[in-house]
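Asker: Model the following, please.
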Amino acid sequence: MEARRNVLTDAETVRLAEDLGVDPKLIDKWVVGQAWTAEQVMFARRVLRESATYVRDLALKLSTKADETTLLDYVQARQTHMMIQEAVSGATAEAGRALRAFRFLRAEGDLNELGRFLKSGLNKDMEAIRNEARELSQLAMPEQINKYLSRMKNASWSKMATEAWINALVSGPHTHMVNIGTNAGVMLGAPVEAGVAAVVGRVFRFFGREQGVTAAEMIDRAHGISMGFVDGLRGAGAILKDERQIDVYNPLEVGERNIPGIVGKGVRLPGRFLAAEDKFFKAVAWQQEINVQARRIALSEGLSGDALASRIEELRGTPTPEMIGEAVKFERYQTFQTALGSKAQWLLDLAAVSPLMRLVLPFVRTPVNLLKYSLERGPLGLLSKQVWENMTGVNGAVARDTQISRMLVGNMVGIGVGYMALNGLITGGGPLKDEEQMTLRMTGWQPYSVRIGDISVSYRRFDPFSNTVGVAADLASLAKYWVTEKDEFGRDFEADRFATLAGMTIYRNMIDKLSLRGITGLVSATMDYERNGKSFINGLVGSAVPGVVGQAARALDPFEREMRSAWESVQSRLPWMREDLMPKRDRWGEPFVAGAIGPLQMKMVNEDPINRTLLELGVNVDQPRRQIGGVDLTPQQYDDYTRVSGRLAKTMLDGIIGDRFRSMPPGAQIDTIKSVVNQARAMARSEVRIGSMNTEDDLIEKGQELRLRVLETGH
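Answerer: Take a look at the predicted model:
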């Protein structure tokens, strides 16, 4: 009798659901019926029952014999079974990807790495797996086992919310532009570093030492870009077509898909695009390393000429397991997805404590790897034991040549950046105090930027290179402060200030790059809520707005905006609503322009003589208070106050500062500037008071009420 297709009967659906361990309502009868015949459904049910029984037997064995081999067998059987469940139900392929990653780790025989994989990918450590096996071993029927394992995949509301939030963070086009730019730079840098490593190897060979990296490897890595290009496009296309193709080691650091259905697919689109970009560069890196490994193996076999070329082509077409293992390591290194070691594992553990901790630590693996990539190419890398072992040849000639090459390239870049920083063409983090940075910003200065003509362009988003450049720029500023004994404002050298700036160099280029700002912000908010708590909460609330929406809002609005509440933080990220917020103004009452082209933050250099005079004298004009006569100002009143007072002060100073002013002693110049600013603010306060008369926010009337209340209550 011909097998019936198109749709499952209710009875078939119930039986299949029982074997899967899920509610029958969760099975799409039409989709499964279209894909399989009734006989295939029956076969799937039998496979499920046999697999469940095998898992139960291994769980029972593990509960009584907790050796590593049994643990490995159980984890593999568990993941295989969950893959079967998901394939039958049509839900996801997460277990399949986890299984592939697990098999690779098991092949390497690295139990420590397996433990980290279980923790990050399955949210369980080895002890939790053993406890799970003890619970599962008590179940008698395959249906119970299926239900137990299926229930483990059910997502909580907190997991779904976290998934939506993470994808919202990376939804902006700027994020993807930076990701592509960063990975492209690393991809193109690989042949350069290989060329320098070959030179290093030749030097060692000249002195009778083994040469690790040959000149041909530079060509191999360059050729790998073109060879891996098509495979990269195919891999990226496969992910865009089917999100189940996403690698376990993905940029979002998410191992599960929690939001079901078409809604979940829509929510996860930003992450899918990010993973597709990641896949393209992984494919290129894979081919680069396969090319290099093929040459090294062929050379180790003593081949040359046509035999060497033929053997290289053979190995490229059919790589050995060892070559595949090295290619996997290299592709993860190049895309910053290398599994974290024990020293950084605490960050992952901290992020996994609760969904709330994920809010302050959204990403861990990628930023840690970005930092490690940049550090091993700079002077701070000399503090690493592994870097020293690589450079001294403990880990072999290849590791030695490669590490020395990375240090040479990174430090040559650093020396060039330092020279540019000393000549004012590249900036570091700048002063510590906000008011000092405000004075510099009025000249068009911005932190971590490069000056191109009359434009200052920020480089801080282009990791990992921004870290190398930023460290060099900060160190150059420290060296200039030490040698000249003067800072940006002409102040004399102070040992305490120098120590603080040195500490901030480490903070800005390590803590900040590790994405620990959320943790430090949480600690600061807890210790001093009045000063730091509100801004911390406002930032978290505002981050709920998808990045694509926030970036669109900033593209439509050319000005920076004031944000003093959680709602205003959200509002600043919403198109057309952002313009309702008051603009941020400089000390002369002019709005700050948020110039940008994509992710590039740009500012025009302002050579205004007043601003230059403030810098030369080391004068910082404080921001006006948000009160007049003890009465709090509304946002509009404060905007009027800063605008009127700033423009008045600027007009008055323009008429004063000239040759006669410059002939005065520095102390007299400073007193004159402060006096003018105070006069302008007094005039502006009167204007704002008068403008508020006969309104709901009448400052004169509220001031009288405040004075009466003080007289009556004493406070």
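Asker: Walking through the protein, point out its strands one by one.
Answerer: Using DSSP state E, the strands found in the chain span residues 449-452, 455-458, 596-597, 600-604, 627-628, 631-632.
Asker: Out of the ones you listed, flag the one nearest N369.
Answerer: Of all the strands of the chain, it is strand 455-458 that lies closest to N369, at 22.6 Å by C-beta to C-beta. For every residue, glycine as well, the C-beta is placed using N, CA and C.
Asker: buried ones in the closest one?
Answerer: Neighbour-count burial for strand 455-458 flags 456-458 (criterion: 16 or more other C-beta atoms under 10 Å).
Asker: same question, stretch 232-251
Answerer: 232, 235-236, 239, 243, 245-251.
Asker: Going by distance to Q403, which of those wins?
Answerer: Y249 (23.5 Å).
Asker: ok, the closest one to R377 distance?
Answerer: Y249 is 22 Å from R377, where distance means C-beta to C-beta, to the nearest Å.
Asker: Repeat that for V75.
Answerer: 37 Å.
Asker: Repeat that for T427.
Answerer: Distance from T427 to R377, by C-beta to C-beta: 21 Å.
Asker: same thing with Q403?
Answerer: 10 Å.
Asker: show me what contacts the closest residue to G542 other than its chain neighbours?
Answerer: Leaving aside its sequence neighbours, G542 sits nearest to S569 (C-beta to C-beta, 6 or more residues apart in numbering; 3.3 Å). S569 makes contact with 538-539, 541-542, 563, according to C-beta atoms under 8 Å, 6 or more residues apart in numbering.
Asker: Buried ones only from those, please, as a PyMOL command.
Answerer: If you want just the buried ones from the contacts of S569 in PyMOL, going by 16+ other C-beta under 10 Å, the selection is:
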select buried, resi 538+539+542+563
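Asker: from the contacts of S569, which two are the most distant?
Answerer: Farthest pair in the contacts of S569, by C-beta to C-beta: V541 and M563, 10.5 Å.
Asker: my guess is A552 meets W576, correct?
Answerer: No. The pair A552 / W576 is not scored as a contact, 9.9 Å apart, by C-beta atoms under 8 Å.
Asker: Looking at these two now, which is surrounded by more residues?
Answerer: Applying other C-beta atoms under 10 Å to A552 and W576 shows that A552 carries more neighbours, namely 18 against 10.
Asker: Kindly tell me how buried P558 is, as a neighbour count.
Answerer: 14.
Asker: Just to check, it is in contact with M602?
Answerer: No. Using C-beta under 8 Å, P558 makes no contact with M602, being 11.7 Å away.
Asker: got any residues that touch both of those two?
Answerer: Joint contacts of P558 and M602 (C-beta under 8 Å, 6+ apart) are G595.
Asker: Show me the shaky parts of the stretch 601-715 of the chain.
Answerer: Low-confidence segments of the stretch 601-715 of the chain (pLDDT under 70): 714-715.
Asker: What separation is there between I239 and N250?
Answerer: Taking C-beta to C-beta, one finds I239 at 9 Å from N250.
Asker: Need the residues touching each of these two.
Answerer: Common neighbours of I239 and N250 (C-beta under 8 Å, 6+ apart) are A275.
Asker: pLDDT value on L408, please?
Answerer: pLDDT recorded at L408 is 93.
Asker: scratch that, N167 is what I was asking about
Answerer: As predicted, N167 sits at a pLDDT of 91.
Asker: Enumerate every residue touching it.
Answerer: Residues near N167 by C-beta under 8 Å, 6+ apart: 252, 267-271.
Asker: give me that answer again for 10 Å
Answerer: Neighbouring residues of N167 by C-beta atoms under 10 Å, 6 or more residues apart in numbering: 252, 254, 259, 264, 266-274, 546-547.
Asker: and if you look at P173?
Answerer: With contact set as C-beta under 10 Å, 6+ apart, P173 has these partners: 270, 273, 547-548, 551-552, 555, 598-599.
Asker: For P447, see how far away it is.
Answerer: 24 Å.
Asker: cool, N369 as well?
Answerer: 24 Å.
Asker: before we move on, back to that, may I ask which of the contacts of P173 has the most neighbours?
Answerer: Going by other C-beta under 10 Å, P270 tops the contacts of P173 with 23 neighbours.
Asker: avg pLDDT for stretch 587-600?
Answerer: Averaging pLDDT along stretch 587-600 gives 79.
Asker: end-to-end on it?
Answerer: 25 Å (C-alpha to C-alpha, to the nearest Å).
Asker: sorry, back to before: from the contacts of S569, which is closest to V409?
Answerer: G539 (36.3 Å).
Asker: Surely that closest one is in contact with M563?
Answerer: Yes. Using C-beta atoms under 10 Å, G539 is in contact with M563, at 9.0 Å.
Asker: mind giving me the domain split of this protein?
Answerer: For the chain, the structural domains run 10-154, 161-338, 624-715, going by automatic domain parsing.
Asker: Figure out how far the longest one is from the centre of its chain.
Answerer: The reference is to domain 161-338. Averaging C-alpha positions (C-alpha atoms, centre = their mean, to the nearest Å) puts domain 161-338 19 Å from its chain's average.
Asker: Could you give the number of residues near the residue nearest to N467 when sequence neighbours are not counted?
Answerer: Leaving aside its sequence neighbours, N467 sits nearest to S374 (C-beta to C-beta, 6+ apart; 3.8 Å). When neighbours are counted by other C-beta under 10 Å, S374 registers 24.
Asker: Quick one: residues contacting S374.
Answerer: So S374 contacts 380-381, 410, 463-471, 509-510, 513 (C-beta under 10 Å, 6+ apart).
Asker: and of those, the nearest to Q211?
Answerer: Once C-beta to C-beta is applied, the member of these that ends up nearest Q211 is G410, at 21.9 Å.
Asker: Look up how far P464 lies from the nearest residue to the closest one once chain neighbours are set aside.
Answerer: Using C-beta to C-beta, 6+ apart and skipping residues adjacent in sequence, the residue nearest G410 is R377, 2.7 Å away. Computed as C-beta to C-beta, the R377 to P464 distance reads 8 Å.
Asker: tell me, what's touching the two both at once?
Answerer: 189, 410.
Asker: Mind checking which of the two has more residues around it?
Answerer: Neighbour count, other C-beta under 10 Å: between R377 and P464, R377 has more, with 27 against 24.
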